[in-house]
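Colleague: have a look at this prediction, sequence included:
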Amino acid sequence: MIAPEKISLVISTYNHVRPLELCLTGFRKQTTPPKEVIIADDGSTSPTRDLIARLAPSLPCPVRHLWHEDLGFRKNVILNRALSTALGDYLVLTDADCIPHSKFIADHASLAEKGFWVQGRRSYLSSTFSDTLLSTDSIHPLPLFLSGHLSGVAKAFRLPLPIIRRNQEQRGIIGCNMAMWRDDLLKINGWDEEYEGWGLGEDSDVGSRLYHLGRPRKFVYGRAILYHLHHPILGRDHLPKSKSRLEETLRTKKIRCTRGVDSARK
């Protein structure tokens, strides 16, 4: 277990103003806050900056907004900037389209263990509910499931005891609910900046290189709960190239990427 005040929470975003507002509201209601919140912004326009300026004072810890110019998908670049400047010993990662359970940070703090990284899960809110949601107080898993507005129900409830599997599998690696030791991420050179799109590869690559480093994951149900807001699926023309790059990482047992956090630290 790690103390929550040693955790840097990193939220990735790109022009998700209303989802980010709901996400930050959820983190404002945490039972135990992290050391800091870093918003890793892949080039959003001014409404995102204005929202952060308005909400940051209401959060129970410092908020830093990292931004770079929008030159296409460069999420891994801004994540490496977050890694290079993080004040915490441990990074918890999520996306702006995810709303956390009130014990999300407390759960990740209790799951942290040297020699492992943590993979949490997410359930899915319907498009109708996502479009009309006004307050995170409206998220109650059982009525939402019974009304057809929540899927992935097995991942939606905080259990009396967590279900934890220690493994090195590819299935279920998702970037919106991961946690790693900062030192381990630095050893693998962070995120591979040569990935050019979302949805395949960029998250599995960092998880796989942690495996190759000798860091299996704790695959967790019943703790560190997230509710994922519905949104349209983005274009996936990049998938063949991303798949090929991930296959190379797996085939060669690569640990360090060539273009990674070292670039952000120069």
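Modeller: The structure has been received and is ready for your questions. Please read these numbers as outputs of a predicted model, since none were measured by experiment.

Colleague: count the residues that sit near residue 146.
Modeller: 10 (other Cβ atoms under 10 Å). From N, CA and C alone the C-beta is placed, and that goes for glycine too.

Colleague: swap that for residue 162, please
Modeller: 16.

Colleague: surely it and residue 111 touch.
Modeller: Yes. In this structure, residue 162 is within contact of residue 111 by Cβ atoms under 8 Å, at 7.2 Å.

Colleague: got any residues that touch both of those two?
Modeller: The contact sets of residue 162 and residue 111 overlap at 220, 223 (Cβ atoms under 8 Å, 6 or more residues apart in numbering).

Colleague: what residues are up against residue 60?
Modeller: With Cβ under 8 Å, 6+ apart, residue 60 has these contacts: 28, 30, 33.

Colleague: if I look at residue 120, how far off is residue 193?
Modeller: Going from residue 120 to residue 193 by Cβ to Cβ, to the nearest Å gives 25 Å.

Colleague: list the buried residues for stretch 37-45?
Modeller: Neighbour counts over stretch 37-45 (16 or more other Cβ atoms under 10 Å) mark 37, 38, 39, 40, 41, 42, 43, 44 as buried.

Colleague: mark which of these are part of strands, please.
Modeller: 37, 38, 39, 40, 41 (DSSP state E).

Colleague: which residues does the last one bridge with?
Modeller: Per DSSP bridges, the residues bridged to residue 41 are residue 13, residue 67.

Colleague: hang on, it packs against residue 64?
Modeller: No. Between residue 41 and residue 64 there is no contact under Cβ under 8 Å: 10.4 Å.

Colleague: wait, what's in contact with residue 20?
Modeller: Contacts of residue 20 (Cβ under 8 Å, 6+ apart): 11, 13, 39, 48, 51, 52, 96.
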